[in-house]
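1. Sequence isn't available, so here's the structure alone:
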């Protein structure tokens, strides 16, 4: 009988998830390791070999650690669960002129749900991952908050987790910094893990070329969208582009157009295959609309509540007020923020705590 209960730990074979499993095992939890195969690169048609969480070496590394420390380990193939939802959404969002964040979607709808489903089948009270964030119970709710390592904090990508999932989640790395985790790997006898390179790629876009992925995914895409107009805010045509799905808000490089000054993508209009260009200040917005709201710390956001809103993973966040807008949230920033990209996640913080989040639908200048 374990001292703390039974926990199903997601093990990718990397340093963070391995140390998570070994730490919990050492603390007296009854640990069961599970490695999820979400994607195989051969089906993506990419040239790069499998790396990161979906290759055989990673599976073997995770299993070896489990066997060495005497707890069970399983490999779970969730490619069907993953592909039908995450991949389709990724393609649909780009085709709608937005910039998706598939890792948020995968965490919310695939990985955590797959873990909970298997945890129930194995009579595990908890699930655990190697994310750098913290979770606690407060006023009957599971509250997510930032990890203490600001460079590694991953609370942003977990905003979509439902309360029933948050309450059963253990995130032991949230109170440590990355160098401490590397030292733990050494102390556990895994020097190769301490040196292992980390992957920041989208797992199904192994070469970081989302444009190539879209072309391989949609027959005839390149030909069907080539030759649309680059326009300025006043509507004047200044050139031709290669297709609106291949551009993102804030992009400056790779436009292949010279206007005598730095120029940026400020808007994408899929209906007319139009890409709007402007100056850097044209990226500044005072307001945005956010949909698909998920509440974490509270069951609702008080009208006009002051929060710090992050509009991308590495964003420092900006002070703002949140207002209800027909089931959506309208965010008004105290000072204009740069590069609001529809399709990305907006996450609202109260101090270090995640109040909630949603998907950015539009940004606008607010007088």
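-> Cool, the structure landed. Computed from a predicted model, the values in this text were never measured in an experiment.
2. Now do the same for the closest residue to residue 149 other than its chain neighbours: its pLDDT.
-> Sequence neighbours aside, residue 177 is the residue nearest to residue 149 in space, at 4.2 Å (criterion: C-beta to C-beta, 6 or more residues apart in numbering). Backbone N, C-alpha and C define where each C-beta goes, glycine included. On pLDDT, residue 177 comes in at 97.
3. just residue 55 next, same as before
-> pLDDT recorded at residue 55 is 61.
4. Could you do residue 194 as well?
-> 79.
5. That one touches residue 182, doesn't it?
-> Yes: with contact defined as C-beta atoms under 8 Å, residue 194 reaches residue 182; the gap is 4.5 Å.
6. who touches both of these two?
-> When contacts are counted by C-beta atoms under 8 Å, 6 or more residues apart in numbering, the set common to residue 194 and residue 182 consists of residue 15.
7. rewinding a little: neighbours of the residue nearest to residue 149, how many?
-> Residue 177: 16 surrounding residues under other C-beta atoms under 10 Å.
8. cool, and residue 203?
-> Close neighbours of residue 203, defined as other C-beta under 10 Å, add up to 23.
9. Relative to the whole chain's centre, how far out is stretch 327-337?
-> Here stretch 327-337 is found 21 Å from its chain centre; the criterion is C-alpha atoms, centre = their mean, to the nearest Å.
10. If you count neighbours, what's buried in it?
-> Neighbour-count burial for stretch 327-337, with 16 or more other C-beta atoms under 10 Å as criterion, is recorded at 328, 329, 330, 331, 333, 336, 337.
11. give me the beta-bridge partners of the spatially closest residue to the last one that is not a sequence neighbour?
-> Nearest non-adjacent residue to residue 337, counting by C-beta to C-beta, 6+ apart: residue 318, 5.0 Å away. In this structure, residue 318 has the following beta-bridge partners (DSSP bridges): residue 309.
12. Surely residue 318 touches residue 308?
-> Yes: with contact defined as C-beta under 8 Å, residue 318 reaches residue 308; the gap is 6.7 Å.
13. Residue 257 in helix, strand or coil?
-> coil (DSSP: H, G, I helix; E, B strand; the rest coil).
14. my bad, should have said residue 145
-> With three-state DSSP as the criterion, residue 145 reads strand.
15. State whether it and residue 355 are indeed in contact, as I suppose.
-> No: applying C-beta under 8 Å, one finds residue 145 not in contact with residue 355, separated by 10.4 Å.
16. list residues touching both of those two?
-> Common contact partners of residue 145 and residue 355 (C-beta under 8 Å, 6+ apart): none.
17. So residue 323 versus residue 234, what's the distance?
-> When distance is defined by C-beta to C-beta, to the nearest Å, residue 323 is 31 Å away from residue 234.
18. who has more neighbours, those two?
-> The neighbour comparison of residue 323 against residue 234 (other C-beta under 10 Å) goes to residue 323, with 15 against 5.
19. tell me the pLDDT at the residue lying closest to the more buried one once chain neighbours are set aside?
-> Spatial nearest neighbour of residue 323, chain neighbours left out: residue 330 (4.7 Å); criterion: C-beta to C-beta, 6+ apart. Note for residue 330: predicted pLDDT of 96.
20. Give the buried residues for the lowest-mean-pLDDT helix or strand in the chain.
-> When each helix and strand of the chain is scored by mean pLDDT, DSSP states H and E, helix 79-82 comes last, with a mean of 80. Buried residues in helix 79-82, defined by neighbour count with 16+ other C-beta under 10 Å: 79, 81, 82.
21. from the buried residues of stretch 327-337, which two are the most distant?
-> 328 and 336 (20.7 Å; C-beta to C-beta).
22. mind giving me the domain split of this structure?
-> The chain breaks down into these domains under automatic domain parsing: 6-195, 219-278, 282-364.
23. returning to that earlier point: I would like the residues contacting whatever helix or strand comes next after the least confident helix or strand of the chain, please.
-> Per DSSP states H and E, the first helix or strand lying C-terminal to helix 79-82 is helix 88-95. Residues outside helix 88-95 that contact it (C-beta under 8 Å, 6+ apart): 99, 100, 102, 105, 204, 210, 214, 217, 218, 245, 270, 343.
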